[in-house]
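**Student:** sharing a model prediction with you, sequence too.
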Amino acid sequence: MAAASVPVGSVVGSVADDAALAGPTPLIGVNPVDRMPIAPATVAPPAGLAAPAIRAGGPPLVSMQGIVKRYGATEGSLGAAGSTAVYALRGINLRIDPGEFVAIVGPSGSGKSTLMNILGCLDVPDQGRYVLAGVDVSQLGDDALAKIRNRFVGFIFQQWNLLARTAAVDNVALPLAYRGDRTRQRKALAALKAVGLAARASHRPNQLSGGEQQRVAIARALVTEPAILLADEPTGSLDSATGAGIMRLFGRLHAAGRTIIVVTHDPRVADLAPRQVHLLDGRIVLDAFTHEIAGQAASTPSMSASSMWTRPGDPAGAAAEPAAAEPAAAETAAAETAAPETAG
């Protein structure tokens, strides 16, 4: 089954060359670590909702099976009362195919930031198997994870993390500098053109609007030709109109074949992605197409984002309390894309 498409409007700025937006051919297939075929994780949606999109005959880009992440002591059973361990993720099974656009949604403490850190190879699980683009990354060391991040993952942060005294084109080229790529300036200009900012290539961040700075950050993520664009609250620092423009840009990138994962607490942002994965207390409680969720909500007025995030037994409409601390491991990726601002 082909992944569902989301209708998108015009992109912010001018996007002249769709070929520049097209994603790379992911290195997926047989796991080179153990030479065994990748077994896709299965996630059953609630009754009445469609199963996640799966491309028939193709291996997944992301395959997670039984992912558990805990902080603190390991004594005690999984989530047992009195256990001294805090479980951020409790047995996550997730499959994402090449070319999908997925929103990972949940309130504070749901585990979405921890899941993002593992998806982006900023952290590893305590239990379970994670295969990214054909590579089992579950037990890799720090150096190997850094190489995987640089090759396969393009990070987009809420706060942009641009070098303040550096031109847009040089901010975009920075990840390629770590590879010693001598064509990085040309590639950075092409990436800026792809997001409609070729005319602003020489401008510094303080000469750009918030939306333009976010588009520079998206170009920086695109320039390495990653297998996945991983966006952490990409509209959180923008006004609603500019944020909508950024989401339309993601829609355009998705239509051109990119694989995009957006992590958000905002159901309005999630509704712009074709597929949604909702987390609560470290578990996936909903994994379905957005149009199916909307149809179910229309026929069942009580079904809303807030009701999905309410634990059984909680008063109606009560907000879920944070279940687990979610360390800011994304700082690692930010450090890799924003070097100290020194001359040269």
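**Tutor:** Noted; the coordinates are in hand. Numbers count the residues shown, from 1 in each chain.

**Student:** can you name every helix or strand that the helix ranked longest in the chain contacts?
**Tutor:** Determined from DSSP state H, the single longest helix within the chain is helix 240-255. On a contact count with 3 or more Cβ pairs under 8 Å, 6 or more residues apart in numbering; DSSP states H and E, helix 240-255 meets strand 101-105, helix 210-222, strand 228-232, strand 260-264. Placement of C-beta: from N, CA and C, glycine included.

**Student:** go again using 10 Å as the cut-off
**Tutor:** With contacts defined as 3 or more Cβ pairs under 10 Å, 6 or more residues apart in numbering; DSSP states H and E, the packing partners of helix 240-255 are strand 101-105, helix 184-194, helix 210-222, strand 228-232, strand 260-264, helix 267-270.

**Student:** next, the buried residues of it.
**Tutor:** Within helix 240-255, the residues that qualify as buried by neighbour count (16 or more other Cβ atoms under 10 Å) are 242-255.

**Student:** make CSV from those and add pLDDT to it.
**Tutor:** Listed next are those as CSV, based on pLDDT from 0 to 100:
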residue, pLDDT
242, 82
243, 84
244, 86
245, 85
246, 86
247, 88
248, 89
249, 87
250, 90
251, 90
252, 88
253, 89
254, 92
255, 91
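
**Student:** adding distance to residue 97, write the residues you listed out as a markdown table.
**Tutor:** What follows is those, written out as a markdown table (distance: Cβ to Cβ, whole Å):
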| residue | distance to residue 97 |
| --- | --- |
| 242 | 30 |
| 243 | 26 |
| 244 | 26 |
| 245 | 27 |
| 246 | 24 |
| 247 | 21 |
| 248 | 23 |
| 249 | 22 |
| 250 | 17 |
| 251 | 17 |
| 252 | 19 |
| 253 | 16 |
| 254 | 12 |
| 255 | 16 |
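
**Student:** now do the end-to-end distance for stretch 101-119.
**Tutor:** Here the two ends of stretch 101-119 are set 14 Å apart, with distance taken as Cα to Cα, to the nearest Å.

**Student:** how about it: buried residues?
**Tutor:** For stretch 101-119, a neighbour-count test (16+ other Cβ under 10 Å) marks 101-107, 109-119 as buried.

**Student:** likewise for stretch 284-297?
**Tutor:** Within stretch 284-297, the residues that qualify as buried are 284, 285, 286, 287, 288, 289, 290, 292, 293, 296, counting by 16+ other Cβ under 10 Å.

**Student:** again with stretch 124-134
**Tutor:** 124, 125, 126, 128, 129, 130, 131, 132, 133, 134.

**Student:** can you give me the end-to-end distance of that stretch?
**Tutor:** Start-to-end span of stretch 124-134 (Cα to Cα) is 16 Å.

**Student:** so of the buried residues of stretch 124-134, which ones are in helices?
**Tutor:** Among those, no member is found in helices (DSSP H).

**Student:** and which of those is nearest residue 198?
**Tutor:** The shortest approach to residue 198 among these belongs to residue 133, at 29.6 Å (Cβ to Cβ).

**Student:** mind checking how far that closest one is from residue 295?
**Tutor:** Distance of residue 133 to residue 295, given as Cβ to Cβ, to the nearest Å: 33 Å.

**Student:** next: residue 109.
**Tutor:** Remark: distance between residue 109 and residue 295 (Cβ to Cβ) = 29 Å.

**Student:** low-confidence ranges, the stretch 1-150 of the chain, go.
**Tutor:** 1-57, 73-83 (pLDDT under 70).

**Student:** for it, just list every one of the strands.
**Tutor:** Using DSSP state E, counting those that start in this stretch, the strands found in the stretch 1-150 of the chain span residues 62-71, 86-96, 101-105, 127-132, 135-136.

**Student:** nearest to residue 214, of those strands?
**Tutor:** Closest approach to residue 214 among those (Cβ to Cβ): strand 101-105, 17.0 Å.

**Student:** and the helices in the stretch 1-150 of the chain?
**Tutor:** Applying DSSP state H, counting those that start in this stretch to the stretch 1-150 of the chain gives helices spanning 112-119, 142-152.

**Student:** just checking, what packs against the shortest one?
**Tutor:** In this case it means helix 112-119. Contact here means 3+ Cβ pairs under 10 Å, 6+ apart; on that basis helix 112-119 packs against strand 62-71, strand 86-96, strand 101-105, strand 127-132, strand 228-232, strand 260-264, strand 275-280, helix 330-337.

**Student:** hmm, back to that, just the helices and strands packed on helix 240-255: most buried one?
**Tutor:** A comparison of the helices and strands packed on helix 240-255 by mean neighbour count, using mean count of other Cβ atoms under 10 Å, puts strand 101-105 on top with a mean of 27.

**Student:** just put the helices and strands packed on helix 112-119 in JSON lines and tack on distance to residue 192.
**Tutor:** Below are the helices and strands packed on helix 112-119 laid out as JSON lines (distance: least, Cβ to Cβ, whole Å):
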{"stretch": "strand 62-71", "distance to residue 192": "28"}
{"stretch": "strand 86-96", "distance to residue 192": "27"}
{"stretch": "strand 101-105", "distance to residue 192": "22"}
{"stretch": "strand 127-132", "distance to residue 192": "27"}
{"stretch": "strand 228-232", "distance to residue 192": "16"}
{"stretch": "strand 260-264", "distance to residue 192": "19"}
{"stretch": "strand 275-280", "distance to residue 192": "29"}
{"stretch": "helix 330-337", "distance to residue 192": "16"}
